[in-house]
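Novice: Pasted the sequence and its predicted model underneath.
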Amino acid sequence: MNDNLFKFAFTMLVTYQLSVAWLPPAMAGLVIGAVFILPFLLFSATSGQLADKYDKTRIIRFVKNVEVLIMLLAAAGFLATDSAWQVPLLLGCTFMMGLHSTLFGPVKFAYMPQALRESELMGGTGMVEMGTFVAILLGNVAGGLLVALPGTGPLYVAVACVLLALAGRIVAQFIPAAPATDPELRINWNPFSETWRNLKRAHAQPTVFRALIGISWMWFFGAVFLSQFPSFAKEVLHGNEQVASMLLVVFSIGIGIGSLLCEVLGKRQVEIGLVPLGAIGMTIFTVDLYLASRNLPPAALMGVAEFVQTPAHWRVMTDLGLLSLSAGLYSVPMYALIQLRSEVTHRARVIAANNILNALFMIVSAVLAGALLRAGLGIPAVFLTVGLANALMTTYIFLVAPEYWQRFKMLFGLRV
């Protein structure tokens, strides 16, 4: 929640309130997202080793201590009045919060198989995914609303970031212990050699590695939407900051619902047959989002009340909700499969390998989306490009891993 409150408030600040020549509004979301993701690429291998070697609860508490310090520095950035050093300082805090999340990611997913039975793993993963995206939703909504308050917005954002960091540290104190799974592990502090070793280890398990690729593609897909929401709301839908926040509400609720549906549709089993269903929905509703948003007439910036009175906008919101619901159906079974099939002693390092791939895919996503925008494509056309690429990428995944499509046919009684 704090990650996203901070990032979204920073993005909205640059998009709507600051004038920074080297960081134009259309590129702000991409740049801030890329800076946040970079630590995942550089330090995930180390964080996976730490999560396997030490008690996971101790790591969580340490990470939350660091978060408090980062947010105090970010508060100073939000309260600054000179954008010449305000924006670089906040970009630095973005990188540090990315590092904070890099340390936390492997711990979060490696913790669950130690606490849950196999029959609970799909539901538990769905609840964590739902909780994660509700937190993203609340953080983004709070960040967008607070930073938009006239005159005092940055102050409220600064206070909220610090208070959330403190709340996270307090809650971390009550997490039950999770003993180390490989306490004799010798840490390799070279992130490059360890990253390569983790990827080789993951590649040695074809089922797990294919799931890693599939999840990383979902983050490639989702990163394009999340990074472009402020500009999409302003330049295409002609909405203000509150409209941008509402789009994030719709997107996050969709993923949350899709994640929770996995346990129901999968009948409390790790059901990979849901993955093709999610992939199909991701493409169909992205294409329709392009059709719904490509020819909206010019208008003055409108608030939420005015925005929802336009019937065309309901189609846009429906498409966003359904494509994100589809993303939840697509990703949760893959996460559960990785947790179930990975070696117990190397589980956190495999999840770290997933984070490395996620980071690579998201950075490439930011670069490609930026290149398409600079080439003159509008934001709806960028969404369409990603939706069509999703059809190609997921078809390839299902060709090399036919068990997904086979389970899909069995789940829904298809004969084709």
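Specialist: Cool, the structure landed. Numbering: from 1, shown residues only.
Novice: pLDDT at the nearest residue to Gln205 once chain neighbours are set aside, what is it?
Specialist: Excluding its sequence neighbours, the residue lying closest to Gln205 (Cβ to Cβ, 6 or more residues apart in numbering) is Arg341, at 6.6 Å. Just so you know, the C-beta spots here come from the backbone N, C-alpha and C atoms, and that holds for glycine as well. With respect to pLDDT, Arg341 scores 80.
Novice: what about Arg341, distance to Pro333?
Specialist: With distances taken as Cβ to Cβ, to the nearest Å, Arg341 is found 12 Å from Pro333.
Novice: out of these two, which sits in the busier spot?
Specialist: More crowded of Arg341 and Pro333, by other Cβ atoms under 10 Å: Pro333, with 28 against 14.
Novice: three-state assignment of Ala135?
Specialist: helix (DSSP: H, G, I helix; E, B strand; the rest coil).
Novice: now do Thr181
Specialist: coil.
Novice: quick one: contacts for the closest residue to Gly48 other than its chain neighbours?
Specialist: The spatial neighbour of Gly48 that comes closest, neighbours along the chain excluded (Cβ to Cβ, 6+ apart), is Ala352 at 2.6 Å. Shown in contact with Ala352 (Cβ atoms under 8 Å, 6 or more residues apart in numbering): 44-45, 47-49, 51, 105-106, 198.
Novice: which SSE is Ala352 in?
Specialist: helix 347-374 (DSSP states H and E).
Novice: which helices and strands does the helix or strand following that helix pack with?
Specialist: Downstream of helix 347-374, the next assigned helix or strand under DSSP H and E is helix 379-400. Packed against helix 379-400 by the contact rule (3 or more Cβ pairs under 8 Å, 6 or more residues apart in numbering; DSSP states H and E) you find helix 206-231, helix 274-293, helix 347-374, helix 403-412.
Novice: And for Pro88, the neighbour number?
Specialist: 13.
Novice: For it, give its distance to Asn65.
Specialist: 25 Å.
Novice: Also Ile187?
Specialist: Distance, Ile187 to Asn65, using Cβ to Cβ: 20 Å.
Novice: Need the overlap of contacts for Arg341 and Pro333.
Specialist: With Cβ under 8 Å, 6+ apart, Arg341 and Pro333 have no common neighbours.
Novice: Tell me the helices and strands packed up against whichever helix in the chain runs longest.
Specialist: Using DSSP state H, we find that the single longest helix of the chain is helix 83-115. Packing contacts for helix 83-115, counted by 3+ Cβ pairs under 8 Å, 6+ apart, involve helix 2-12, helix 25-53, helix 56-79, helix 118-147, helix 311-341, helix 347-374.
Novice: Send me the shortest one as PDB with only the CA atoms.
Specialist: Meaning helix 2-12. The C-alpha coordinates for helix 2-12 follow below in PDB (Å, rounded to 0.1, in the frame of the first residue of the first chain):
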ATOM      1  CA  ASN A   2       2.800   2.400   0.900                       C
ATOM      2  CA  ASP A   3       4.700   1.700  -2.300                       C
ATOM      3  CA  ASN A   4       1.700   2.600  -4.400                       C
ATOM      4  CA  LEU A   5       0.600   5.600  -2.400                       C
ATOM      5  CA  PHE A   6       4.100   7.000  -2.700                       C
ATOM      6  CA  LYS A   7       4.600   6.200  -6.400                       C
ATOM      7  CA  PHE A   8       1.100   7.300  -7.600                       C
ATOM      8  CA  ALA A   9       1.300  10.500  -5.600                       C
ATOM      9  CA  PHE A  10       4.700  11.200  -7.100                       C
ATOM     10  CA  THR A  11       3.400  10.400 -10.600                       C
ATOM     11  CA  MET A  12       0.400  12.600 -10.200                       C
END
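Novice: Perfect, I'm done here.
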